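> kindly return the folded structure for what I paste below:
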Amino acid sequence: MLRQEEHFQKAIGENVRIKLYKAVDGVKEAEGVLLSADTQKIVVETDAGQFDIEKKNIAKANIKFDF
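Sure, this is the predicted structure:
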């Protein structure tokens, strides 16, 4: 599970699954490549486009492993 700043930094370039406390642009879950992360937000590239997500709105964040 991605929780701390260092976890997000190490996961840049990885496929991630993000669940949100409240919907952003009608979306409550996002899957895609983590492009960047700072202390306030993360940026995820999904099939629907690029999403800026505030960290305080993240309920759960995991690296998505494909088997």
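> name the element the most centrally placed residue in the chain belongs to?
Central residue of the chain (Cα atoms, centre = their mean): residue 18, 4.7 Å from the mean position. Assessed by DSSP states H and E, residue 18 sits inside strand 15-24.
> ok, that strand: who's next to it in the sheet?
strand 27-37 (antiparallel), strand 58-63 (antiparallel) (DSSP bridges).
> I'd like those strands as CSV, with mean pLDDT and mean neighbour count appended.
C-beta here means a position set from N, CA and C on the backbone, and glycine is covered the same way. As requested, the strands paired with strand 15-24 are exported to CSV (pLDDT from 0 to 100; neighbours: other Cβ atoms under 10 Å):
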stretch, mean pLDDT, mean neighbour count
strand 27-37, 96, 16
strand 58-63, 97, 16
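> got these as TSV, with distance to residue 5 columns?
Converted to TSV, the strands paired with strand 15-24 look like this (distance: least, Cβ to Cβ, whole Å):
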stretch	distance to residue 5
strand 27-37	7
strand 58-63	12
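> still on that earlier bit, go through the strand holding residue 18 and flag the buried ones.
15-18, 20 (16 or more other Cβ atoms under 10 Å).
> which pair in the residues you listed spans the largest distance?
15 and 20 (17.2 Å; Cβ to Cβ).
> from residue 61, how far out is residue 2?
Look at residue 2 and residue 61: by Cβ to Cβ, to the nearest Å, they are 4 Å apart.
> now do the shared contacts for these two.
Common neighbours of residue 2 and residue 61 are listed as 8, 16 (criterion: Cβ atoms under 8 Å, 6 or more residues apart in numbering).
> remind me which residues of this structure are low pLDDT?
Filtered on pLDDT under 70, the chain yields no residues whatsoever.
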